[in-house]
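Peer 1: sequence-free structure coming up:
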């Protein structure tokens with residue numbers, strides 16, 4: 001029985017790069033991406049591989065007679081930890097020898113092309129419920145639960161809409177927090193809400209870059225200073241955009257609810 005042809009370094013590099021790209025685009029930490037790529041290469045018989053990962057690009061190189069060096073650009077990043085989990089599962093199957101480079105690449109391509117996400121209405125509902133629960137956690141009153149519910153859901157819908165309209169994350173987050181501040185102010189002035197500060201704090205929590213901050217700290221602790229600092233800067237800009245939107249509302253309408 002004829003044996004299948006051995007995989008080339010180029011094919012193995014393609015698998016490693018695609019796995020790293022999917023993880024990095026969907027919220028994976030830098031050190032986890034590098035470990036996964038290295039383990040996949042070792043499972044395919046490449047012990048001498050090197051990878052350098054930043055939030056905006058991946059460089060992967062294989063030493064040897066057929067030296068291969070590839071660079072891939074990361075142009076967009078979001079949060080979809082399901083895809084990170086699936087890539088980890090594929091990596092473990094590769095380590096057990098269950099997948100060839102061709103089969104692994106096909107599965108990774110299908111995963112990368114998978115655009116299934118929770119519908120916008122469900123994301124808004126989850127954010128609204130989380131906002132109300134954060135309000136209670138921050139010692140707010142139940143009478144302010146609905147205003148926080150309303151503002152949090154509207155903020156998530158606005159973030160999605162403005163990000164599609166203006167593909168600049170900073171402005172989308174600024175406008176979303178601006179709408180949250182306006183809704184919170186209106187509910188307080190109309191008597192529907194009472195504590196403006198608690199309503200705002202609870203409503204902006206779904207916008208806070210918690211995963212980004214966590215990944216920045218974990219990358220710094222793992223020694224990936226370039227990625228850690230850049231992710232920290234991105235988290236700072238997001239926090240600044242959220243704060244600027246709320247501050248703009250409070251500047252126009254001071255002295256309400258505090």
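Peer 2: The structure has been received and is ready for your questions. Just so we're clear, the structure is a prediction, and the values are computed from it rather than from any experiment.

Peer 1: residue 44 contacts residue 103, doesn't it?
Peer 2: No. Residue 44 lies out of contact with residue 103 (CB atoms under 8 Å); the separation is 11.7 Å. Where you see a C-beta, it was placed from the backbone N, CA and C, and this is true even at glycine.

Peer 1: so the two - more neighbours on which side?
Peer 2: Between residue 44 and residue 103, counted using other CB atoms under 10 Å, residue 44 has the larger neighbour count: 24 against 14.

Peer 1: for residue 61, see how far away the more buried one is.
Peer 2: Going from residue 44 to residue 61 by CB to CB, to the nearest Å gives 15 Å.

Peer 1: so where is the stretch 1-150 of the chain shaky, pLDDT-wise?
Peer 2: Residue ranges of the stretch 1-150 of the chain with pLDDT under 70: 1-7, 66.

Peer 1: can you point out the buried residues in stretch 51-70?
Peer 2: Neighbour-count burial for stretch 51-70 flags 51, 53, 55, 58, 60, 61, 62, 68, 70 (criterion: 16 or more other CB atoms under 10 Å).

Peer 1: ends of it, how far apart?
Peer 2: Across its full length, stretch 51-70 reaches 10 Å between end residues, using CA to CA, to the nearest Å.

Peer 1: same question, stretch 68-84
Peer 2: Stretch 68-84: ends 25 Å apart by CA to CA.

Peer 1: what do you get for stretch 204-212?
Peer 2: With CA to CA applied, stretch 204-212 spans 16 Å between its terminal residues.

Peer 1: restricted to helices, list the buried residues of stretch 51-70.
Peer 2: Among those, the subset assigned to helices under DSSP state H is empty.

Peer 1: which single one of those residues is nearest to residue 125?
Peer 2: Closest approach to residue 125 among the buried residues of stretch 51-70 (CB to CB): residue 55, at 30.3 Å.

Peer 1: spit out the contact partners of the closest one.
Peer 2: Residue 55 makes contact with 24, 30, 74, 77, 227, 230, 231, 234, according to CB atoms under 8 Å, 6 or more residues apart in numbering.

Peer 1: repeat the analysis, applying 6 Å as the threshold.
Peer 2: Contacts for residue 55 (CB atoms under 6 Å, 6 or more residues apart in numbering) come out as 227, 230, 231.

Peer 1: the nearest residue to it once chain neighbours are set aside: what secondary structure?
Peer 2: Leaving aside its chain neighbours, residue 55 sits nearest to residue 230 (5.3 Å; criterion: CB to CB, 6 or more residues apart in numbering). What DSSP: H, G, I helix; E, B strand; the rest coil gives for residue 230 is helix.

Peer 1: where do the strands of the stretch 51-200 of the chain begin and end?
Peer 2: 57-62, 68-73 (DSSP state E, counting those that start in this stretch).

Peer 1: could you dump those strands to a markdown table with distance to residue 201?
Peer 2: A markdown table is the format used below for the strands of the stretch 51-200 of the chain (distance: least, CB to CB, whole Å):
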| stretch | distance to residue 201 |
| --- | --- |
| strand 57-62 | 36 |
| strand 68-73 | 37 |
